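Visitor: what shape does this take:
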Amino acid sequence: MGTQQVEPLDVEALRADFPVLEREVNGGPLVYLDNAATSQTPRRVVESISEFYYEYNANVHRGIHQLSQESSIGYEEAHDTVAEFIGAAGREEIVFTKNTTEALNTVAYAWGLNELEPGDEILLTEMEHHASLVTWQQIAKKTGAECKFIPITDEGRLDMEAAAALVSDRTEMVSVVHVSNTLGVTNPIAELADLAHDHDALIFADGAQSVPNRPTDVQALDVDFFAFSAHKMCGPTGIGVLYGKQQVLEAMEPYLYGGDMILKVTFEESEWNELPWKFEAGTPSIAQGIAMAEACEYLTDIGLERIQDHEERLAELAYDRLTERGDVEVYGPPGDDRAGLVAFNLEGVHAHDLASILNDYGVAVRAGDHCTQPLHEVMGVGASARASFYLYNTEAEVDALVAAVDEARTLFA
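Guide: Okay, here's the model as predicted:
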């Protein structure tokens, strides 16, 4: 948990930005604790989408008429806003994708298929999301490369001694989640980047669970690739980001072809457009890109340090309240050293049954393997329930979570 003293959030004022939080579920107030899957969207972000469609809906880079020019400017400036938000050098390093998964696949196909060969190694972790694990697993099968995995400790952290031993001159890519969506642990990305670069390997960091809730500086982390999704950070679905160092992206070939990613076409050959457009084939998600930039500005206005401090405090409170019961197992590091989520199981109650009972009391959590099946195998459980917090959640909602768990305990006594 961060030690820096920050001004606390005015949560009640922020909640007014999110109309959905006024809903009732099963006769009671909605307690939305599924933010690691998808966060809610504030009015100003939704309104930015409406403004695009009502006032200047047109394709980008296609026409010289007024609406097309306004659309193009808005879309290009959205890249600038996102670049500033994560500390990139400029828009050339920001490729808009459909989500984090597509960003991973872009690198896997555009870089991996061309660079990997038998004898090469891809280093992952035991806590990887399926978006990373499955993608690199399949690329390894296509290229003859081999996937290896950094194990986790009993506390749920990366075993960095093992990581240092696993990185070798055979390693071509290190792909690691920044914040685990199951364990709540924050991984030492900069240290892993040093290990990778010492062996001339590249590093890809999955920032889906980190960018929404903490300051991010990709240059300080020294990652070669970084990805995240708008729908986890107050933005719309259908838009995500692939960051890549400019020199790395310039050396890569695109793997999606079509309009806008080309500079010149003849019947025999094609030349690719400049960055980042050479990786954005076809008509892009214009409204969503503009709305994602609005979400970045919304979070910046609130303050990422304050958001991080707030949700980590809620996670620590939830961890303490759940573990003190004695019949709940919480996975991952201690409560004072985790990001804003808590994955747990109630003794004798399947996670799906628990989530169903919590829903009866208006408490929305995630249940299942959270797209980390291999990690759950390592933990020795088939599934878990997960409560994940964000800027608009309150201590009273942690109380509601614990009270609903109490009800579940009574039902399954």
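Visitor: number of residues surrounding the residue lying closest to residue 87 once chain neighbours are set aside?
Guide: Nearest residue to residue 87 in three dimensions, chain neighbours excluded: residue 217, at 3.7 Å (C-beta to C-beta, 6 or more residues apart in numbering). (C-beta placed from N, C-alpha, C; glycine too.) Neighbour count of residue 217, defined by other C-beta atoms under 10 Å: 11.
Visitor: wait, residue 217 touches residue 84, no?
Guide: No - judged on C-beta atoms under 8 Å, residue 217 makes no contact with residue 84 at a distance of 10.8 Å.
Visitor: how about the strands in the stretch 1-150 of the chain?
Guide: Secondary structure of the stretch 1-150 of the chain (DSSP state E, counting those that start in this stretch): strands located at 24-25, 28-29, 31-32, 94-97, 121-125, 146-150.
Visitor: re earlier: what about the residue nearest to residue 87, distance to residue 211?
Guide: Counting by C-beta to C-beta, to the nearest Å, the separation of residue 217 from residue 211 is 11 Å.
Visitor: got any residues that touch both of the two?
Guide: Listed as contacting both residue 217 and residue 211 by C-beta atoms under 8 Å, 6 or more residues apart in numbering are residue 86.
Visitor: domain-wise, how is this protein divided?
Guide: The chain breaks down into these domains under automatic domain parsing: 11-32+304-411, 46-301.
Visitor: any idea how far the shortest one is from the chain center?
Guide: Taking C-alpha atoms, centre = their mean, to the nearest Å, one finds the center of domain 11-32+304-411 at 18 Å from the center of the full chain.
Visitor: now the residue nearest in space to the middle of the chain: how far from residue 129?
Guide: Centroid-nearest residue in the chain, with C-alpha atoms, centre = their mean: residue 208, separated by 0.8 Å. Distance, residue 208 to residue 129, using C-beta to C-beta: 7 Å.
Visitor: now for those two: what residues contact both?
Guide: By C-beta under 8 Å, 6+ apart, the residues touching both residue 208 and residue 129 are 177, 181.
Visitor: my read is residue 410 is in a strand, agree?
Guide: No - under DSSP: H, G, I helix; E, B strand; the rest coil, residue 410 sits outside any strand and is assigned helix.
Visitor: could I get the pLDDT score of it?
Guide: As predicted, residue 410 sits at a pLDDT of 95.
Visitor: what does residue 166 give?
Guide: At residue 166, pLDDT is 98.
Visitor: dump the residue contacts of it.
Guide: Here residue 166 is in contact with 123, 148, 150 (C-beta under 8 Å, 6+ apart).
Visitor: mind listing what residue 333 touches?
Guide: Residue 333 touches 155, 156, 157, 183, 184, 185, counting by C-beta under 8 Å, 6+ apart.
Visitor: would you map the strands across the stretch 151-300 of the chain?
Guide: For the stretch 151-300 of the chain, the strands defined by DSSP E, counting those that start in this stretch cover 171-177, 202-206, 225-229, 240-244, 262-265, 270-272.
Visitor: neighbouring contacts of the fourth one?
Guide: Counting by C-beta under 8 Å, 6+ apart, strand 240-244 makes contact with 82, 86, 88, 93-103, 106-107, 218, 223-230, 252, 279, 292, all of which sit outside it.
Visitor: residue 383 reaches residue 373, doesn't it?
Guide: No - applying C-beta under 8 Å as the test, residue 383 and residue 373 come out as separate, 9.5 Å apart.
Visitor: who's more crowded, those two?
Guide: Neighbour count, other C-beta under 10 Å: between residue 383 and residue 373, residue 383 has more, with 19 against 14.
Visitor: straight-line length of stretch 263-272, end to end?
Guide: 5 Å (C-alpha to C-alpha, to the nearest Å).
Visitor: what does that stretch contact?
Guide: 253, 254, 257, 261, 262, 273, 274, 278.
Visitor: buried residues, it. List them.
Guide: residue 272 (16 or more other C-beta atoms under 10 Å).
Visitor: tell me how far the residue nearest to residue 87 lies from residue 207.
Guide: From residue 217 over to residue 207 the distance is 11 Å, taken as C-beta to C-beta.
Visitor: which residues are common contacts for these two?
Guide: Joint contacts of residue 217 and residue 207 (C-beta under 8 Å, 6+ apart) are residue 86.
Visitor: is it true that residue 193 touches residue 221?
Guide: Yes - under the criterion of C-beta under 8 Å, residue 193 makes contact with residue 221 at 6.3 Å.
Visitor: count the neighbours of residue 27 for me.
Guide: Residues near residue 27, counting by other C-beta under 10 Å, number 8.
Visitor: related to what we said a few turns ago, among the contacts of residue 333, name the buried ones.
Guide: The neighbour count (16+ other C-beta under 10 Å) marks 156, 157, 183, 184, 185 as buried among the contacts of residue 333.
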